[in-house]
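[1] Sequence first, predicted model second:
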Amino acid sequence: MNKQAQVHAIQAGAQAEKYSAWDDFKLLVKFRLNVTVVMSSLLAYAIVAQSAFNIYAAAVLALGGFLVTGSANALNQVLEKDFDGLMTRTKNRPIPGGRMQVSKAVLLAGMMALVGITLLALFNPISALLGTTALVTYAFVYTPFKRFSPIAIWIGAIPGALPVLIGTTAFQGEITALALVLFAVQFFWQLPHFWAIGWMSYDDYKLAGYLLLPVKDQVRDNRIGLSAFIWSLPLILICLIPFVYGSMGVFTTLMILAINILYAMRGWNLYKLGDTVSAKKLMYFSFAYLPLVLILFIIGQNGI
């Protein structure tokens, strides 16, 4: 064994001691992101179910969604293992960290996909089909496209918004107008959210060769903030649709309108100031935005 191999073996051993098997599983499935995805699906289920909310059905939905999302995230890391090793925020993931073999990650992804989609199929074929579409689009379309064009963000926003459709179809068995409104909310919410993260992770993305940001000649500039501002504006109109059609109360509509205006202002500040502080403020606001708006949708369906 040469000196470089010895160093790598020592580093891998140290990594293995630092991370437990559970730690590596959480990193593989992107646990915190996964929980956020599952929560949006459960909130969408609650929006359409209202008083008919079933805790057992919700548990099946949560587990199925978690496993499908975990499978997509695991496959994403398998496909991007070489690039993850270049970026500070991802180099300690189990595969680039040398703590998990690709074959094991693929096996876990396959098992999670099989069980997860089966659980969604217990509701109806539409929910299972949407779960499968989200997995395939995220892992095999969005993931490779990240190295070719910023359009990848729009592609990735599709599987990113499908959880709310899965949540509504799990209860209703069909895709309704309200379900499409919720899909549009989660779709457009993701754009400023990602661009805020992209601003802060700019150096990592550039090092790994990801063409994800709306910039010219790969130079970070205020186009990122401008994009965040412009594409937050559709949320204002989208969230008015339920009120126009009489399915949302005045109070909740005004609350959601205020949140959307604040979200757009965060994007505007990133455009005008173009600094990490404004990017962080936009990112943190985006974390609160989606659960707040979905909870208000739950309340608003009662005419409040």
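    Now that the structure is in, tell me what you want to look at.
[2] hey, let's count contacts and neighbours off CA atoms from now on
    OK.
[3] Can you pull the domain assignment for this protein?
    1-175, 176-304 (automatic domain parsing).
[4] okay, which residue is most central for the chain?
    Gly160 (4.8 Å; C-alpha atoms, centre = their mean).
[5] mind putting the domains of the chain in CSV, mean pLDDT included?
    What follows is the domains of the chain, written out as CSV (pLDDT from 0 to 100):
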stretch, mean pLDDT
domain 1-175, 90
domain 176-304, 91
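[6] before we move on, back to that, secondary structure element holding the residue nearest to the centre of the chain?
    Using DSSP states H and E, the element containing Gly160 is helix 152-172.
[7] Does anything pack onto that helix? Which helices or strands?
    In terms of contact count using 3 or more C-alpha pairs under 8 Å, 6 or more residues apart in numbering; DSSP states H and E, helix 152-172 is assigned the packing partners helix 31-49, helix 55-79, helix 125-137, helix 177-200.
[8] next one: that helix to chain centre, how far?
    10 Å (C-alpha atoms, centre = their mean, to the nearest Å).
[9] circling back to that earlier point, need the helices and strands packed on helix 152-172 in a markdown table with distance to Pro94 and mean neighbour count, can you?
    Converted to a markdown table, the helices and strands packed on helix 152-172 look like this (distance: least, C-alpha to C-alpha, whole Å; neighbours: other C-alpha atoms under 10 Å):
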| stretch | distance to Pro94 | mean neighbour count |
| --- | --- | --- |
| helix 31-49 | 13 | 21 |
| helix 55-79 | 9 | 22 |
| helix 125-137 | 21 | 21 |
| helix 177-200 | 22 | 21 |
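[10] Dump these to CSV, plus distance to Ile155.
    Converted to CSV, the helices and strands packed on helix 152-172 look like this (distance: least, C-alpha to C-alpha, whole Å):
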stretch, distance to Ile155
helix 31-49, 17
helix 55-79, 14
helix 125-137, 8
helix 177-200, 10
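[11] Please name whichever of these is nearest to Leu292.
    Distances from Leu292 to each of the helices and strands packed on helix 152-172 were compared using C-alpha to C-alpha; the minimum, 10.2 Å, belongs to helix 31-49.
[12] And the contacts of that closest one?
    The list of residues contacting helix 31-49 from outside it, by C-alpha atoms under 8 Å, 6 or more residues apart in numbering, reads 53, 58, 61-62, 65-66, 69-70, 160, 163-172, 182, 290-291, 294-295, 297-298, 301.
[13] rerun that using 7 Å as the cut-off
    Defining contact as C-alpha atoms under 7 Å, 6 or more residues apart in numbering, one finds that helix 31-49 is touched by 53, 58, 62, 65-66, 69-70, 163-164, 166-168, 171, 291, 294-295, 297-298.
[14] Next: stretch 79-97.
    12, 24, 27-28, 100-102, 204, 207-208.
[15] Okay, and which of the residues you listed map to strands?
    When DSSP state E is applied, the contacts of stretch 79-97 are split such that none fall in strands.
[16] buried subset of the residues you listed?
    With neighbours counted using 16 or more other C-alpha atoms under 10 Å, those contain these buried positions: 12, 24, 27-28, 100, 102, 204, 208.
[17] okay if I get these as TSV plus distance to Pro234?
    Compiled in TSV, the buried ones among the contacts of stretch 79-97 are given as follows (distance: C-alpha to C-alpha, whole Å):
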residue	distance to Pro234
Ala12	47
Asp24	38
Leu27	33
Leu28	33
Met100	42
Val102	41
Asp204	30
Ala208	31
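[18] and of those residues, the nearest to Phe285?
    Each of these was scored against Phe285 by C-alpha to C-alpha, and Asp204 proved nearest at 22.6 Å.
[19] nearest spatial neighbour of the closest one, skipping sequence neighbours?
    Met87 (5.1 Å; C-alpha to C-alpha, 6 or more residues apart in numbering).
[20] What of Leu233?
    Of all residues beyond its chain neighbours, the one nearest Leu233 is Ala264 (6.3 Å), with distances taken as C-alpha to C-alpha, 6+ apart.
[21] Count the residues that sit near that neighbour.
    23 (other C-alpha atoms under 10 Å).
[22] That one contacts Pro234, doesn't it?
    No - in this structure, Ala264 is not within contact of Pro234 by C-alpha atoms under 7 Å, at 9.7 Å.
[23] what's the distance between Lys104 and Val78?
    Counting by C-alpha to C-alpha, to the nearest Å, the gap from Lys104 to Val78 is 10 Å.
[24] measure Ile298 to Ser40 for me?
    Spatial separation of Ile298 from Ser40 under the definition C-alpha to C-alpha is 12 Å.
[25] no no, Pro159
    Counting by C-alpha to C-alpha, the separation of Pro159 from Ser40 is 13 Å.
[26] And Ala161, by the same measure?
    In this structure, Ala161 lies at 9 Å from Ser40, with C-alpha to C-alpha as the measure.
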